[in-house]
Structure formats: C-alpha cells, structure tokens
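A.B. asks: Here is my input, please return the structure:
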Amino acid sequence: MYIEKRKAKSGIKYYLVYSYREQGEVRKLRKYLGKNLSKEQLLKAKKRAKEELMPVLEELKTEIFNFSLTKNQIKRLNLYENKIKISHLENINWERFTREFIYNTNAIEGSTVRLNEVKRLLKKERKPEDNEEIETNNVAKAVEFIRKTKEDLSLNFIKKIHKVCFENTKDFAGQFRNVNVVIRNSKEDIVHTGVPFEEVEDYLKDMIMWYKKNKEKFKPIVLAAIIHNQFEHIHPFQDGNGRVGRLLLNFILLKNKYPPININLNDRSKYYNVLQQYSKKQNIKLTIEFLTKQYRKTLKRVSTKRNKSR
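C.D. replies: Numbers count the residues shown, from 1 in each chain. Below you'll find the predicted structure:
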C-alpha cells in the first residue's frame, strides 16, 4: 500500500492505493483520504482507510505476489529436474564458472569487457580502468559472497548483493529505486514496466514471504526460477536488476546444494522472451524449460565429474 497524491484546483487530494494481481493483470484499489492534510491527519486517515479496506482485501483473497499452484502442477514442474544430471558442488570448476558467469551476465547487460580480459582482471594481471572493469571484479566478489553466506533471502540480503556488484560504479548501489523504470527492446519499444517505486518493498516482502512458505514444495531449479522471474518482474533497482536476479537464481541453487547456472549471452533473446511471458501471463514453465537447457550447457563446461541427479 502507498499514498498517492493528486493535484486539484483547491489543493492536493490524498488516496491510499493497494495493488493486486487478477488474471495476470495488475489492478488497484483506491481509498480517498482527504484534501490538504497535515502529516498527522494523513497518518490517521491512512490507518482508518487500512482498517476499512481489510474486509475487501480478504474477499479478494489475493496478494501482490499471487503464485498459487495445485499439487499436480507443482509435481509436473518438479519433473523437469529429471531432464538434467546434477554434479556435486565439489566437482565444479569454480574458477572457470566464475569467469564465464561474469562475462555472460555482464555482457547480457551491455558490457564490452571480453572473456580474455575478464580472466586477466580476475588474476590481477592489471587494474580495472573503467566502470565496466570495476564491475567485473565486483561481480566476482558477489559470486564468492553467495557461495559462502549463511544468510537467507531478505530485503537486506538483496540490497547487499546489489551493493557488492555496483560499489564505486553507481551512486545508488544497495538502494531500492525511488523512480519508475521501463525496459525497452532494440527498437525502443517498451517491453516491461517495473512496479511503481512506491510499491517495490511491498512486492519484495510478498515475494520473500511466499518463498519462506513454499520453498520446501519445489525442487531447487523450480524454486530458483520462480524467485528469479518475480524479482525481474518487480525490477527493484534503478539499474543492475539483471545481474542481481541471476545471482539470486544461483544463490537459491547453492543454498540447496545444487550447482550454479550460467545463462549464455548467445541465448539472451530467448532469456528475455521467457521473462516477458512470465510478466505478462505468469507462465513459469517456459523459464524452467529454458533453464534446464542452460543447466546442461553449464555443467558440461564446468563439471570435472558428472553424477546422476540425487
């Protein structure tokens, strides 16, 4: 919920706004609070409006992140894991994975740092000379962070990943956005609009609550896909959402003792398409199909030994 202000001839009108999802579309409920209110009056009016809205919200039986599935749907999604062979973490060539993950995850967002330069920077054969090269080293630190951390998903944890990735390159590193954002394709068409900045924390809290409630129901690759897609749908940062989202994807896999996934630059258009299908229709199946293919590619390149799925 957030406060919306509207200018009128006689001053400013205030509304309490609640967003919810219905049949794949975001809808809003508005409750008029009053006109030209002081801070104290606004707080009282907001509290009163919340109490009045609660019965309506209960009747809707929906949340900002309303991702409910039947037992059979969950079972079918979990079956996708049978299409891949999972290597044990100790059999992962972490140096190679980190190098290739950094190159691809940054290049997807437009970085021009080549793979051989990533290798040189990580080996400290030379110092970074610009923001793209600083972010190369930063993302390496973020990979190491998600590997070793004992933390679980939270607002602070998400901000921490962003700060590690963009420290010394973005002045809003580690801070949720206070502006609205849109994502455009190469033709400058708008393909996605992030949630209104006033609602970012509410959406994220809902996502985290859903994760804690449902994480035991899903196989790791399915759980990671859902959280990754919802995070990208929210787009909580002014910039850097793609890289943080892919790190969150791998954080959930690693937390469940599964090896990480590297999404390849060559598959960027397919990756964007599955994200759009999720945002428009909440279709998670396409993402899981895409990720299982990426998983096979990743494990083939970075596994020193392959073992059948546990």
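A.B. asks: was I right about residue 194 contacting residue 235?
C.D. replies: Yes - in this structure, residue 194 is within contact of residue 235 by Cβ atoms under 8 Å, at 3.2 Å. For every residue, glycine as well, the C-beta is placed using N, CA and C.
A.B. asks: any common contacting residues for these two?
C.D. replies: Shared contacts of residue 194 and residue 235, defined by Cβ atoms under 8 Å, 6 or more residues apart in numbering, comprise 177, 181, 183, 241.
A.B. asks: pLDDT score assigned to the last one?
C.D. replies: Per-residue confidence for residue 241 comes out at a pLDDT of 96.
A.B. asks: Read off the pLDDT value for the residue nearest to residue 108 when sequence neighbours are not counted.
C.D. replies: Nearest non-adjacent residue to residue 108, counting by Cβ to Cβ, 6 or more residues apart in numbering: residue 268, 5.3 Å away. In the predicted model, residue 268 carries a pLDDT score of 94.
A.B. asks: who does the nearest residue to residue 10 once chain neighbours are set aside bridge with?
C.D. replies: Closest residue in space to residue 10, ignoring its immediate chain neighbours: residue 35 at 6.8 Å, by Cβ to Cβ, 6+ apart. The partner list for residue 35 in beta bridges (DSSP bridges) reads residue 13.
A.B. asks: quick one: contacts for residue 35?
C.D. replies: 8, 10, 11, 12, 13, 14.
A.B. asks: quick one: low-confidence ranges for the stretch 51-200 of the chain?
C.D. replies: 56-70, 186 (pLDDT under 70).
A.B. asks: could you pull out the helices for it?
C.D. replies: 71-78, 94-108, 115-122, 131-148, 155-166, 200-214 (DSSP state H, counting those that start in this stretch).
A.B. asks: How much space separates residue 19 from residue 4?
C.D. replies: 11 Å (Cβ to Cβ, to the nearest Å).
A.B. asks: Tell me which of the two has more neighbours.
C.D. replies: It is residue 19, of residue 19 and residue 4, that has more neighbours when counted by other Cβ atoms under 10 Å, with 18 against 15.
A.B. asks: Summarise which helices and strands the helix or strand harbouring that one is packed against.
C.D. replies: For residue 19, the host element (DSSP states H and E) is strand 11-22. Helices and strands touching strand 11-22, as assessed by 3 or more Cβ pairs under 8 Å, 6 or more residues apart in numbering; DSSP states H and E, comprise strand 2-8, strand 25-35, helix 39-60.
A.B. asks: Any idea which of the ones you listed gets closest to residue 119?
C.D. replies: With Cβ to Cβ as the criterion, residue 119 lies closest to strand 25-35 of those, at 43.3 Å.
A.B. asks: Mean confidence (pLDDT) on the closest one, please.
C.D. replies: On average, strand 25-35 scores 79.
A.B. asks: Give me the buried stretch members for that strand, please.
C.D. replies: 31, 33 (16 or more other Cβ atoms under 10 Å).
A.B. asks: and the residue lying closest to residue 96 once chain neighbours are set aside, what does it touch?
C.D. replies: Spatial nearest neighbour of residue 96, chain neighbours left out: residue 302 (5.1 Å); criterion: Cβ to Cβ, 6+ apart. When contacts are counted by Cβ under 8 Å, 6+ apart, residue 302 touches 92, 93, 94, 96, 97, 100, 259, 262.
A.B. asks: from these, which is closest to residue 246?
C.D. replies: Out of those, the member with the shortest distance to residue 246 (by Cβ to Cβ) is residue 262, at 8.7 Å.
A.B. asks: Correct me if wrong: that closest one contacts residue 102.
C.D. replies: No - the criterion here is Cβ under 8 Å, and residue 262 misses it with residue 102 at 9.4 Å.
A.B. asks: Only whichever of the contacts of residue 302 are buried, select them in ChimeraX.
C.D. replies: Only the buried entries of the contacts of residue 302 go into this ChimeraX selection, using 16+ other Cβ under 10 Å:
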select :92,94,97,100,259,262
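A.B. asks: Thank you kindly, that will do.
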